[in-house]
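K.L.:
Okay, predicted coordinates and the sequence, questions at the end:
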Amino acid sequence: MSKTLFEKIAAREIPASIVYEDDKVVAFRDINPQAPTHILIVPRKPIQRIGQAQADDQQLLGYILLKAAEVAKLAGLAETGFRLVINNGRDGGETVPHLHCHILGGRPLAWPPG
Ligand code: AMP
């Protein structure tokens with residue numbers, strides 16, 4: 001199967017501003033930022049979307065959330081706050097079919113989302 005866009009970024013086949021990586025996840029700046037800080041954290045494993053995750057992904061999913069909070073802290077958002085977003089499917093606004101968690105911060109974020 002061909003690599004997803006985010007697998008190519010993780011493999012450095014497509015340039016991105018990577019802010020954190022380890023053997024399980026990669027975090028990089030969103031190319032079209034919706035807030036002063038907008039980072040995506042993605043598993044190296046190409047799970048298509050959260051709705052496709054399996055029971056044996058449980059540990060990895062928890063890891064992504066813990067690392068997202070750590071990356072938010074590294075980005076200086078711990079004190080002012082931040083939002084984590086996972087879009088799933090058409091109505092969820094998903095455009096890249098490789099699970100990713102948005103880390104948004106640096107301004108007050110409205111609720112409910114549009
Ligand atoms: P979603 O709409 O939740 O699927 O989010 C996909 C995100 O990927 C969007 O916020 C895009 O701006 C972002 N994106 C698409 N291509 C790239 C890229 N080459 N580098 C960084 N971010 C990207």
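P.N.:
Ah, there it is.

K.L.:
What parts of this structure come near the ligand?
P.N.:
5, 14, 16, 28, 30-32, 40, 87, 93-96 (C-beta under 6 Å from any ligand atom). Glycine gets a C-beta too; all of them are placed from N, C-alpha and C.

K.L.:
Widest-spaced pair of these?
P.N.:
Ile14 and Gly93 (21.7 Å; C-beta to C-beta).

K.L.:
Output stretch 94-105 as PDB - backbone C-alpha positions only.
P.N.:
Taking C-alpha atoms only, stretch 94-105 is exported to PDB below (Å, rounded to 0.1, in the frame of the first residue of the first chain):
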ATOM      1  CA  GLU A  94     -11.200  15.100   8.300                       C
ATOM      2  CA  THR A  95      -9.200  15.800   5.200                       C
ATOM      3  CA  VAL A  96      -6.100  13.500   5.700                       C
ATOM      4  CA  PRO A  97      -6.900   9.800   6.200                       C
ATOM      5  CA  HIS A  98      -4.100   9.200   8.700                       C
ATOM      6  CA  LEU A  99      -5.100   9.600  12.400                       C
ATOM      7  CA  HIS A 100      -3.800  12.900  13.800                       C
ATOM      8  CA  CYS A 101      -4.500  15.000  16.800                       C
ATOM      9  CA  HIS A 102      -4.500  18.800  16.400                       C
ATOM     10  CA  ILE A 103      -2.800  20.800  19.200                       C
ATOM     11  CA  LEU A 104      -4.200  24.400  19.100                       C
ATOM     12  CA  GLY A 105      -3.300  27.300  21.300                       C
END
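
K.L.:
Might you specify the subset of the residues of the chain next to the ligand located within strands?
P.N.:
28, 40 (DSSP state E).
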